[in-house]
Structures are given as structure tokens and as C-alpha cells.
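Asks: What shape does this take:
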Amino acid sequence: RPKLLMLDEPSLGLAPLIVREIFRIISQLGSEGVTMLLVEQNARAALEISDYSYVIENGKIALEGSGVEVAGNPAVKAAYLGI
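Replies: This next block holds a predicted model:
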């Protein structure tokens with residue numbers, strides 16, 4: 001029963017099916033009340049499950065907000081989501 005679960009690139013190098021399962025488990029843990037700090041380059045998957053997100057560029061916070069807000073930002077869409 002951790003108070004804080006810190007995850008650094010949990011999907012790195014894994015097959016797509018395993019990545020989906022990892023993010024399903026992370027989402028489930030969040031719904032059970034586990035607080036998590038997730039560092040992840042798979043922006044789409046991370047933003048879909050996050051309550052609050054930060055975009056860090058060159059070591060500085062460039063943008064922050066709810067996962068939905070950050071995912072909807074045009075600069076994030078262009079740079080990280082391929083839209």
C-alpha cells in the first residue's frame with residue numbers, strides 16, 4: 001500500500017499489447033486511490049490516464065493542466081501527438 005508510486009518510462013521497449021496492459025493497470029491503481037508520479041514519453045497514453053500533467057521542455061515546465069487540457073493544446077498535439 002504505497003503512499004506514492006513513482007514510475008519512470010514503464011512502457012519503454014515493450015510490445016504494444018503489453019503497453020496497453022501496463023496502462024490499464026496504472027489506470028486501475030489510480031482509480032483505487034494510489035497517487036502516482038509517471039514520467040513517460042508515450043504522451044498519448046499518459047495524457048489519457050492522467051489527472052494532472054506537466055510538459056517539460058529543456059528542464060522547465062512549459063505547460064501544465066489536466067490531461068484533457070494538455071492533450072487539447074495545439075502545440076502539444078503538433079509536437080507530441082502527431083496531430
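Asks: from here on, contacts and neighbour counts on C-alpha atoms
Replies: OK.
Asks: Not counting its own residues, what contacts the longest helix belonging to the chain?
Replies: Among the segments of the chain that qualify as a helix by DSSP state H, the longest is helix 16-31. Residues from elsewhere that reach helix 16-31 (CA atoms under 8 Å, 6 or more residues apart in numbering): 10-11, 36, 45-46, 49.
Asks: Distance of residue 28 relative to residue 37?
Replies: Between residue 28 and residue 37 the computed distance is 15 Å (CA to CA, to the nearest Å).
Asks: Residue 71 now?
Replies: From residue 71 to residue 37 the distance is 18 Å (CA to CA).
Asks: Show me which of these two is the more surrounded one.
Replies: When residue 71 and residue 37 are compared for neighbours, residue 71 comes out ahead with 20 against 13, by other CA atoms under 10 Å.
Asks: Now name the helix or strand holding the more buried one.
Replies: Per DSSP states H and E, residue 71 falls inside helix 67-72.
Asks: cool, and residue 7?
Replies: strand 4-8.
Asks: Report the angle between that strand and helix 16-31.
Replies: Angle, strand 4-8 to helix 16-31, by axes from the mean of the first three to the mean of the last three CA atoms, to 10 degrees: 160 degrees.
Asks: Identify the residues contacting strand 4-8?
Replies: 34-40.
Asks: now could you export just the CA positions of the helix or strand hosting residue 78 as PDB?
Replies: Using DSSP H and E, residue 78 sits within helix 74-80. Taking C-alpha atoms only, helix 74-80 is exported to PDB below (Å, rounded to 0.1, in the frame of the first residue of the first chain):
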ATOM      1  CA  PRO A  74      -2.400  22.700 -30.300                       C
ATOM      2  CA  ALA A  75       1.300  22.800 -29.500                       C
ATOM      3  CA  VAL A  76       1.200  19.500 -27.700                       C
ATOM      4  CA  LYS A  77      -0.900  18.000 -30.500                       C
ATOM      5  CA  ALA A  78       1.700  19.000 -33.100                       C
ATOM      6  CA  ALA A  79       4.800  18.200 -31.100                       C
ATOM      7  CA  TYR A  80       3.800  15.100 -29.100                       C
END
